[in-house]
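In: Attaching a predicted model along with its sequence, questions to come.
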Amino acid sequence: MKYSDFERILSQERMRRYLLACGNDSRKAMTLYRYNLQLSQEMFTVISCFEVALRNAIDSNLKPRLGTDWLRDSILTGGIFTNPILSKTANVISHSYNKLLSQGQYSPSKLLSDMEFGMWKYMFSPLQYRLTGQTLLQIFPNKQRSSSTMQINHAYIFNELDKVNTIRNRIAHHEPICFGLSGSQIDTTYIMNKYLQIQTLFAWMGIDSRALLYGLDHVQQVCNKINELK
């Protein structure tokens, strides 16, 4: 495809950063754009597997104490998420619950899978962590031990999950991830740091991510191709 057509379809504004990064070499800019899409696909696959593992681990931890339908029960009268401070959380759950009911498709597992990543992140916020019984750190049996300089507690996990959520949303909104956080230089350092952070969380959960993602994870290879365009 001619660059003029490529730019017309994707917009001059969107392609400007790629052109700058490639010294106004239009063919190279198109290649970088395509590599960025590949990297986004690869990272989203890794994040998706982590998200499913995280929500399933949370569910397995809470069901013995709160019941099989704990997420639905959390918004019913007297439920753990009926605190007015948690109205946004309750509204999200209620919306999905009512939608599934109206479609005749409700089940505890479908309600779980209808939640977005932010739901699971906020399970480690102070109030929700306390209301669910302060046991969710158990899903990270191999986590690093706290020290005098760093507390590896629920607040730490919340912040780590927030970083995963941020990159997930960047990809979902089609933002480029082949650059640094500012400027128009090709730089995969940021995305590799996020990738390694997810690998660490997998390891803390006792999950062999290399085995889980066998044949699916090509993040490093795509980063190498992107870096060759510098």
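Out: Nice, thanks for sending it over.
In: The chain: helices as residue ranges?
Out: 3-10, 12-21, 26-66, 70-73, 87-102, 108-114, 117-121, 126-131, 154-172, 189-204, 209-212, 219-227 (DSSP state H).
In: Show me what the second one is in contact with.
Out: Think helix 12-21. 6-7, 25-26, 29-30, 32-33, 36, 176, 178-179, 184-186 (CB atoms under 8 Å, 6 or more residues apart in numbering). Placement of C-beta: from N, CA and C, glycine included.
In: before we move on, back to that, looking at the helices of the chain, which one is packed in the most?
Out: Among those, helix 70-73 has the highest mean neighbour count (mean count of other CB atoms under 10 Å), at a mean of 20.
In: any idea how far residue 58 is from residue 113?
Out: Computed as CB to CB, to the nearest Å, the residue 58 to residue 113 distance reads 13 Å.
In: Could you work out the most separated pair of the contacts of helix 12-21?
Out: Pairwise distances across the contacts of helix 12-21 peak at 21.5 Å for 6 and 185 (criterion: CB to CB).
In: What average pLDDT does stretch 57-76 get?
Out: In this model, stretch 57-76 has an average pLDDT of 97.
In: Now do it: distance to the chain's middle.
Out: 22 Å (CA atoms, centre = their mean, to the nearest Å).
In: which residues sit in contact with residue 133?
Out: 62, 65-66.
In: just curious, which of those residues is nearest to residue 148?
Out: Of those, the one sitting nearest to residue 148 (CB to CB) turns out to be residue 62, at 31.4 Å.
In: I figured residue 55 hits residue 118, correct?
Out: No: using CB atoms under 8 Å, residue 55 makes no contact with residue 118, being 11.6 Å away.
In: TSV please, covering the contacts of residue 133 and showing distance to residue 86.
Out: Formatted as TSV, these follow (distance: CB to CB, whole Å):
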residue	distance to residue 86
62	16
65	18
66	15
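In: Going by distance to residue 141, which of those wins?
Out: Checking these against residue 141 with CB to CB, the nearest one is residue 62 at 16.0 Å.
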